[in-house]
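Trainee: Sequence first, predicted coordinates after that:
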Amino acid sequence: DLMVKTTALRDLFCGALSSGLRNDAPEKAMEGRQKYRLCEIALENFAFTVASRALNAFGEGEGASSLQDFDRLLLVFHHCMRNLSFDGFLQTECRAIANEMLACSDLIRTEGGSDADAIRLCMLRLKSCLDRARRVCDSYRDAYLHAYADQSERLGRAFGSAIPDHTVKMFAESETRASLVFQCAKLCQLLSRSVSRDYLKSENHAWETLVAGEARGKLVLFESIEEHTMMQGSGEGDGDDKVLLVRHATGDEEVSASGEGVRGVILMQELPHLSHLAIRARQEGVVFATCTSQDEIGNLVENFVGKYVQISASQQNVSVSLSEASDGRGPSADASGAGGDGAPQNPREESGGRVELSEIKRATSLSTVGMVGSTRDTCGAKSAQCGELSTLSASLSS
């Protein structure tokens, strides 16, 4: 009910703002229009919060536990797509997807789970609708990064050292994850997995493709991407093409920063499509897939680890097979990523921009430092910024 009222109220404000102002409009009318716009923006932020609460309430663990919870999440997604259409981006497509979801929700409530064949047909229809929604989310992400990534970097360079490099580079990406499209992507991912696993009984439901394409390399098992980073410089396979089989990830890592030769990543847990790690992997052209099936993971660990493999990832299927030694040509990652929308892997390529990778300094020994003593080279940009804030706070309090 809260999401319904939030969407209806925002629709009202957007309708009032759809008409323009005359050149001779009085000051009072301009002030009223500005207040309307501020209310509309606040409602969009509130819709983000409501969608997050719905995900926590009905989508915990493996997903919707019942058909009723599934229908509630579908209605939340319907209103999220309506809110996304208010932004004006692919408005017609967003409205069509929202209407299709509402029609599927009506069918689910009408059948009530009594007619298995009707539910299956509804889920097939919904699966295609969710694929459309995913393409919209991917297009939104690519358009946002293409529009703002270069602009923020130029503006950051103009400010000089007043703004940290990490803040400049992550501006467009962080704004994307703070927008409603992030919740849309999470809902789409959750509902797609539930449809494939619970209703369509897909054999490949445990796999999720984040960056489509093909890659070859030696399959190497690590607990985390950081563990692979620490192994660099040991002389064991440095520079060789490899596919990482990783047990855990926080979503804040970067594939390129972990070392050379990474052509693909298989993660043994779920990861949002718009997480930092997924976005960076797509920009770097690294094939990326997740797997939550213990049987599949056990098969990979037992029969493929330590051998050269080929991973082929698409929206319909993910396969891992034995291959000959890597020829060093790197991955053949799909430029459209997981969405298949045909956008470039790196939005900066169209503008002729150049991506500069920061130099990696390897430590000769391990040591523990406090937050205040952390630097960008030793602990990373986030820890260094926290250390600067702690120092600033202490100086102000004293």
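Mentor: Thanks, I have the structure now. Residues are numbered from 1 along each chain as shown.
Trainee: So, low pLDDT: which residues of this structure?
Mentor: 58-65, 112-114, 200-205, 232-239, 256-259, 273, 325-366, 377, 398 (pLDDT under 70).
Trainee: for it, which helix is longest?
Mentor: helix 116-159 (DSSP state H).
Trainee: Run through the neighbouring helices and strands of that helix.
Mentor: helix 67-86, helix 91-111, helix 165-177, helix 180-194 (3 or more CB pairs under 8 Å, 6 or more residues apart in numbering; DSSP states H and E). From N, CA and C alone the C-beta is placed, and that goes for glycine too.
Trainee: With mean neighbour count and distance to D252 as added columns, please give these in a markdown table.
Mentor: Formatted as a markdown table, the helices and strands packed on helix 116-159 follow (neighbours: other CB atoms under 10 Å; distance: least, CB to CB, whole Å):
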| stretch | mean neighbour count | distance to D252 |
| --- | --- | --- |
| helix 67-86 | 23 | 24 |
| helix 91-111 | 17 | 29 |
| helix 165-177 | 17 | 10 |
| helix 180-194 | 23 | 15 |
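Trainee: and K382, which of those is closest to it?
Mentor: Across the helices and strands packed on helix 116-159, K382 has its closest neighbour in helix 165-177 (7.3 Å, CB to CB).
Trainee: and for that closest one, what are the contacting residues?
Mentor: For helix 165-177, the external contacting residues (CB atoms under 8 Å, 6 or more residues apart in numbering) are 140-141, 144-145, 147-149, 152-153, 155-157, 182, 274-276, 279, 358, 376, 381-382, 385.
Trainee: Distance of the residue nearest the centre of the chain relative to A103?
Mentor: With distances taken as CA atoms, centre = their mean, the residue of the chain nearest its centroid is L274 (1.1 Å). With the distance defined as CB to CB, to the nearest Å, L274 ends up 27 Å from A103.
Trainee: How about L124?
Mentor: 13 Å.
Trainee: cool, N317 as well?
Mentor: From N317 to A103 the distance is 28 Å (CB to CB).
Trainee: cool, and R109?
Mentor: The value you get for R109 to A103, if CB to CB is used, is 11 Å.
Trainee: try H276
Mentor: Counting by CB to CB, the gap from H276 to A103 is 35 Å.
Trainee: these two touch, right, the residue nearest to the centre of the chain and C137?
Mentor: Yes - between L274 and C137 a contact is recorded at 7.4 Å, counting by CB atoms under 8 Å.
Trainee: Check the contact lists of these two and give me the overlap.
Mentor: Counting by CB under 8 Å, 6+ apart, the residues touching both L274 and C137 are 181, 185.
Trainee: give me the number of residues near T375?
Mentor: 13 (other CB atoms under 10 Å).
Trainee: which SS class is the residue lying closest to it once chain neighbours are set aside?
Mentor: In space, and not counting its chain neighbours, T375 is closest to A384: 5.4 Å by CB to CB, 6 or more residues apart in numbering. Here A384 is recorded as helix under DSSP: H, G, I helix; E, B strand; the rest coil.
Trainee: Please give me every residue in contact with A384.
Mentor: Contacts of A384 by CB under 8 Å, 6+ apart are 374-376.
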